[in-house]
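Enquirer: Predicted model and sequence below, questions to follow.
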Amino acid sequence: MRKRLRILTWHVHGNYLYYLTQTPHDFLVLCDEQRSPGYAGRAGTLPWGDNVIEVPLSQVKETPFDCVLYQSRTGWERDRLQLLSPAQQRLPRIYLEHDPPQEHPTNTRHFVDDPDALIVHVTPFNRLMWDNGRTPSAVIEHGVKPLTDARYSGELERGIVVVNHLAKRGRRLGSDVFQHVREQIPLDLVGMDAERAGGLGEIGNADLGAHMARYRFFFNPIRWTSMGLAVIEAMMVGLPIIGLATTEMSTAVRNGHSGWVDTRLDVLIAHMRALLDDPAEARRVGENARRDALERFHIDRFAAEWSRLLLDVCA
């Protein structure tokens, strides 16, 4: 029987952490009294399993674990030195990099400079763009476990956009792209603080699949980020996907098969109009998106890859 590991980590991206904890190990998640960003423990509405165990910051040094999974620069540069004992700092260590480089796209050296650590990227594109230096790196692509069995119906002749804090995050997340397209195509925006950008507001994790299922297509306006979990969740429901042909989106969506990606907004708008005019075609494309998502982003594949990697690192 393979060992069940105890992994110390942070609550940085709630949905990703939920999917990660489908791996058959125990995850010790840091928390503080305020449930502040990065230290929220089991907070939120996600159905956390019994293998997600909160560890107050004051108890970290007395808590046994096998491995540390860092997920933010603050965690690596500050918490590692301030919260962990010297012995814990020497334990097997992984840095989970959620994003492509935010400074120069090709010449940014990763701040984890440790040949005894491992950087895990969430997309092959991210690994390609980062200069990982002397630190070994690997890729584990996203895996998604839908919270409901929602399936595409597509009766709303509108597109759905899911981005958190779009107004605040600006051009990188495509706030201008969203506004430009919305002038010509009926679009609804959901996510944290969506109202500020003229959207509907936040939809709870458990309700998002059913909410998206009624829309004719999913539009991703983001220029520069990882493969969005909301995109994959929409594919799992069976929505056609339209987005910018940048980052990992260019490999995840096949034109004419599961949706369309392009760098020309007028081309994307034309495809949106075609989907609004042809519900049967939208359903066909959405079914292909669902099949592709189940093949590439299935939670069982994701959990198995993470389990193998954790066991190898801790061996």
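Expert: Perfect, thanks for sending it.
Enquirer: All the strands of this protein, in order from the start?
Expert: Using DSSP state E, the strands of the chain run over residues 6-9, 26-31, 52-56, 67-70, 93-97, 118-121, 137-139, 156-162, 187-190, 215-220, 241-244, 259-262.
Enquirer: elements contacting the last one?
Expert: Right, the one you point to is strand 259-262. strand 241-244, helix 265-277 (3 or more CB pairs under 8 Å, 6 or more residues apart in numbering; DSSP states H and E). In short, each C-beta sits where N, CA and C put it, glycine included.
Enquirer: With residue 63 as the reference, name the closest of the ones you listed.
Expert: Nearest to residue 63 among those is strand 241-244 (41.9 Å), distances taken as CB to CB.
Enquirer: Neighbouring strands - and their directions - for that closest one?
Expert: strand 215-220 (parallel), strand 259-262 (parallel) (DSSP bridges).
Enquirer: rewinding a little: pick the most buried one from the helices and strands packed on strand 259-262.
Expert: strand 241-244 (a mean of 24; mean count of other CB atoms under 10 Å).
Enquirer: State the mean pLDDT of that one.
Expert: On average, the pLDDT along strand 241-244 is 98.
Enquirer: how about the CA coordinates for that strand, as PDB?
Expert: Taking C-alpha atoms only, strand 241-244 is exported to PDB below (Å, rounded to 0.1, in the frame of the first residue of the first chain):
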ATOM      1  CA  ILE A 241     -16.100  28.100 -26.400                       C
ATOM      2  CA  ILE A 242     -15.000  31.400 -28.100                       C
ATOM      3  CA  GLY A 243     -11.800  33.100 -27.000                       C
ATOM      4  CA  LEU A 244      -8.500  34.700 -27.900                       C
END
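Enquirer: which residues touch it?
Expert: 159, 174, 177, 217-223, 231, 234-235, 249, 252-253, 258-263, 268, 271-272, 275, 289 (CB atoms under 8 Å, 6 or more residues apart in numbering).
Enquirer: that older thread, want to try JSON lines for the helices and strands packed on strand 259-262, with distance to residue 151 as columns?
Expert: Below are the helices and strands packed on strand 259-262 laid out as JSON lines (distance: least, CB to CB, whole Å):
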{"stretch": "strand 241-244", "distance to residue 151": "16"}
{"stretch": "helix 265-277", "distance to residue 151": "17"}
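Enquirer: just the strands of the chain: most buried one?
Expert: strand 215-220 (a mean of 28).
Enquirer: mean confidence score for that one?
Expert: For strand 215-220, mean pLDDT rounds to 98.
Enquirer: hmm, back to that, mind checking which of the strands paired with strand 241-244 is nearest residue 24?
Expert: strand 215-220 (31.4 Å).
Enquirer: Just give the nearest non-adjacent residue to residue 51, would you?
Expert: Once flanking residues are discounted, residue 51 sits nearest to residue 26: 4.8 Å by CB to CB, 6 or more residues apart in numbering.
Enquirer: so who does that neighbour touch?
Expert: 4, 5, 6, 7, 51, 53.
Enquirer: And for residue 210, the neighbour number?
Expert: 16 (other CB atoms under 10 Å).
Enquirer: cool, residue 309 as well?
Expert: 16.
Enquirer: and it, what is it in contact with?
Expert: Per CB under 8 Å, 6+ apart, neighbours of residue 309: 94, 118, 120, 138, 140.
Enquirer: And the contacts of stretch 9-22?
Expert: The contact list for stretch 9-22 (CB under 8 Å, 6+ apart) reads 27-31, 38-44, 46-49, 51-52, 68-72, 75, 79, 98, 122, 142-145, 205, 229, 299, 302-303, 306.
Enquirer: Check stretch 57-75 too.
Expert: 5-10, 12-13, 28, 30-32, 38-39, 55, 76, 80, 83-85, 88, 91-96, 98, 111-112, 310, 313-314.
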